[in-house]
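K.L.:
no FASTA, just this:
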């Protein structure tokens, strides 16, 4: 029996499909980050002020911080189950480059936890009285920024997946790396409403996304090897 | 800590010697040393596994059986010594080695929310192309006919073990590394798995297995740790 080896592309698709399938079968977990985003963002008008003027000022920051926290909340699912049931060992022992398999898992994770947040963000922006000309900018910058959160978070999760009690350590590892994205994202919305050009901010966020796509899965892969070791 | 001993059961010495002349050495380890938490798990450990051979690793709980298997598969690199695949270092031919290796660990790699079919499809497709007919046939052969579409958390531990063992029927990997594959199996499962090990060895494959079960296979080597 000599069967054909899968190409790396096929292994990539198989892993992506598997993770999407798992997410689909665990719908409750899937809705968590999304609901968290909605709840956190809606607490600000209650806690600070329902005054539309003041809300418009903080809307960009609130949306970005909520998105970041929602992504952090969702991160833990990424490798935990695989670590506990031994699937992670199978992933590490595949003849294919770990980079692509980890990237597939990260993409699946973002599609499930990041994309819904991006899609619902204009609605929350309306609630927070963000100027309507900023909706598109918010949407595009979140579309570029939330995958970076997922990719960077993946490194932190990979490092901590073997630890028994992790507590806040994931946040301590991940948040400092995510701060530049947060700054660029909120600045983009504020500055463009004051007349600045958007292209520079998009370039910065795009560069951050490309850099994390090319480097973060390698780091996650190495961290996973350490965690299993 | 005494050095690990390798012994071949008496009745097999003759066949063993003649076979190792004809069949190539697949995997060999020289002078392996592993220490964990200031405790030496094994030192000066040597072994060879040739095509057609089954290597059984025994040892008391905590003697480092699983660690040794992890080391052999490259999951653990905190050891000294050399491990070679067909006479060459594994790092120089990683893709070939991992293409020819099938590892089923103590944690069998079966996701609880997926069905046996979906689990098997994914683990197989990490290595080789596989059709749904093959998947169904393999699951039926390990006794999971009718359970292909049930989520794994509804299955018993033995059935989950069987779901992972279905990979043995599909894979064309030459080296099987199995960590305690017999633990949750019933009598039927035991003889099924033993039959699989036997036919794999007959076809020129090699098996490294940790178990305390008395294996009935032709070319058996035993190694005791600790």
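P.N.:
Thanks, I have the structure now. In this text the structure is predicted, and so the values were computed from the model without any measurement.
K.L.:
elements contacting whichever strand or helix holds residue A:202?
P.N.:
Element membership for residue A:202, per DSSP states H and E: helix A:199-228. Secondary-structure packing of helix A:199-228 (3 or more C-beta pairs under 8 Å, 6 or more residues apart in numbering or on different chains; DSSP states H and E): helix A:77-85, helix A:87-92, helix A:98-113, helix A:135-160, helix A:169-193. Where C-beta positions appear, they are placed from N, C-alpha and C, glycine not excepted.
K.L.:
could you dump those to a markdown table with mean pLDDT, distance to chain B and mean neighbour count?
P.N.:
Shown next, in a markdown table, are the helices and strands packed on helix A:199-228 (pLDDT from 0 to 100; distance: least, C-beta to the nearest C-beta, whole Å; neighbours: other C-beta atoms under 10 Å in any protein chain shown):
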| stretch | mean pLDDT | distance to chain B | mean neighbour count |
| --- | --- | --- | --- |
| helix A:77-85 | 88 | 6 | 20 |
| helix A:87-92 | 92 | 5 | 24 |
| helix A:98-113 | 94 | 8 | 22 |
| helix A:135-160 | 94 | 15 | 24 |
| helix A:169-193 | 91 | 22 | 18 |
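K.L.:
just give the nearest non-adjacent residue to the closest residue to chain A within chain B, would you?
P.N.:
Nearest residue of chain B to chain A (C-beta to the nearest C-beta) works out as residue B:107 at 3.1 Å. Distances taken as C-beta to C-beta, 6 or more residues apart in numbering or on different chains put residue A:86 closest to residue B:107, at 3.1 Å, once the chain neighbours are dropped.
K.L.:
now the phi/psi pair for the one you found, please.
P.N.:
The phi/psi pair for residue A:86 (degrees, to the nearest 10) reads phi 90, psi 0.
K.L.:
so residue B:63 lies in a strand, does it not?
P.N.:
No - counting by DSSP: H, G, I helix; E, B strand; the rest coil, residue B:63 is located in no strand; its state is coil.
K.L.:
enumerate every residue touching it.
P.N.:
Listed by C-beta atoms under 8 Å, 6 or more residues apart in numbering or on different chains, the contact partners of residue B:63 are B:41, B:225-226.
K.L.:
and the pLDDT for the residue of chain B closest to chain A?
P.N.:
Model confidence at residue B:107, given as pLDDT, is 88.
K.L.:
assign it to helix, strand or coil.
P.N.:
Residue B:107 ends up coil, using three-state DSSP.
K.L.:
pretty sure it is in contact with residue A:89, am I right?
P.N.:
Yes - the pair residue B:107 and residue A:89 passes the contact test of C-beta atoms under 8 Å, sitting 7.4 Å apart.
K.L.:
tell me which residues of whichever helix or strand residue A:14 is part of come out buried.
P.N.:
Per DSSP H and E, residue A:14 falls inside helix A:8-25. For helix A:8-25, burial by neighbour count (16 or more other C-beta atoms under 10 Å in any protein chain shown) applies to A:10-12, A:14-23, A:25.
K.L.:
just checking it against chain B, any contact.
P.N.:
Yes - contact of helix A:8-25 with chain B (C-beta under 8 Å from any C-beta of the partner chain) involves A:10-11, A:14-15, A:17-18, A:21-22, A:25.
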